[in-house]
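**Student:** could you look at this predicted model? Sequence included:
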Amino acid sequence: MIDFHTHLLPCMDDGSKSVDESLAMLEALRGQGVTKAAATPHFYANDESVDDFIARRDASFGMLKARLPDTSWILPGAEVRYYEGISRLPDLKKLRIVNTRFVLLEMPFSQWTEYSVREIMDIAAQGKITPVLAHIDRYLPMLKKTVLPRLLNSGVLIQANVSFFTGFFTRSQALHMVRTNQIHFIGSDCHNLTDRPPDISKAISRMEKKFGDTFVPDYINYVNEIFQQNQIL
Ligand SMILES: [Fe+2]
């Protein structure tokens with residue numbers, strides 16, 4: 001299982017505050033059967049250059065590497081805040097999750113403009129970047145019904161948070177979307193061990209409960225296939 005959205009790199013953003021906290025978060029994910037964890041600290045183009053961000057991220061990852069024998073399953077990337085014009089950011093490619101075409105995009109918390117929808121579709125059409133929309137669950141209530149199908153038809157992928165699967169009012173929609181291939185990746189979006197913990201197993205057990213034991217291995221295969229198709233080796 002892949003955890004596609006985490007803030008587990010130490011001292012990068014509002015996520016893990018120390019190497020020890022990061023190690024504990026990683027151990028929790030491992031214990032829940034996670035085989036790959038994308039490390040996706042916030043990137044805000046207004047605040048720093050892509051190169052400065054990557055240098056900071058490498059230093060943070062270096063602190064983890066010094067304490068962990070195997071970091072090959074941790075995949076540095078970013079959660080990139082969308083802004084109109086982002087497709088013209090020459091370094092956007094550098095923010096892909098390492099050795100893949102995926103860029104995890106955090107969309108605005110207001111009605112998406114037609115321009116922004118088209119811009120994401122354009123990024124996908126160019127073929128070098130596969131946009132993955134972070135925590136779609138946060139936007140669904142305000143999205144026009146036509147937006148998601150258009151994005152999906154254009155090759156844009158969708159990440160949902162574990163909380164979508166556990167929320168009393170949202171879980172049936174989450175399960176429907178995962179069963180109809182409208183959710184490609186699940187992320188714990190973990191920031192710490194307490195109020196925003198690594199809890200990917202909760203989404204898995206929801207799926208098992210609803211669809212039975214065979215669903216989850218099939219879903220994991222489906223996710224792994226998408227991952228492999230987007231790998232750059
Ligand atoms: Fe996040």
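**Tutor:** Now that the structure is in, tell me what you want to look at.
**Student:** neighbours of residue 41, how many?
**Tutor:** Residues lying near residue 41 (other C-beta atoms under 10 Å) number 24. In this view, the C-beta of every residue, glycine as well, is placed from N, C-alpha and C.
**Student:** next up, the contacts around it.
**Tutor:** Contacts for residue 41 (C-beta atoms under 8 Å, 6 or more residues apart in numbering) come out as 7, 9, 12-13, 15, 53, 57, 60, 78-79.
**Student:** what about those residues, which are in helices?
**Tutor:** 53, 57, 60 (DSSP state H).
**Student:** quick one: the second one from residue 16, how far?
**Tutor:** With distances defined as C-beta to C-beta, to the nearest Å, the gap from residue 57 to residue 16 amounts to 13 Å.
**Student:** comparing those two, which residue is more hemmed in?
**Tutor:** The neighbour comparison of residue 57 against residue 16 (other C-beta under 10 Å) goes to residue 16, with 28 against 21.
**Student:** tell me the contacts of the more buried one?
**Tutor:** With contact set as C-beta under 8 Å, 6+ apart, residue 16 has these partners: 7-10, 22, 25, 191-192.
**Student:** give the ChimeraX command for selecting the buried subset of those residues.
**Tutor:** Buried residues among those (16 or more other C-beta atoms under 10 Å), as a ChimeraX selection:
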select :7,8,9,10,22,25,191,192
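**Student:** what parts of this structure come near the ion?
**Tutor:** 79, 189 (C-beta under 5 Å from the ion).
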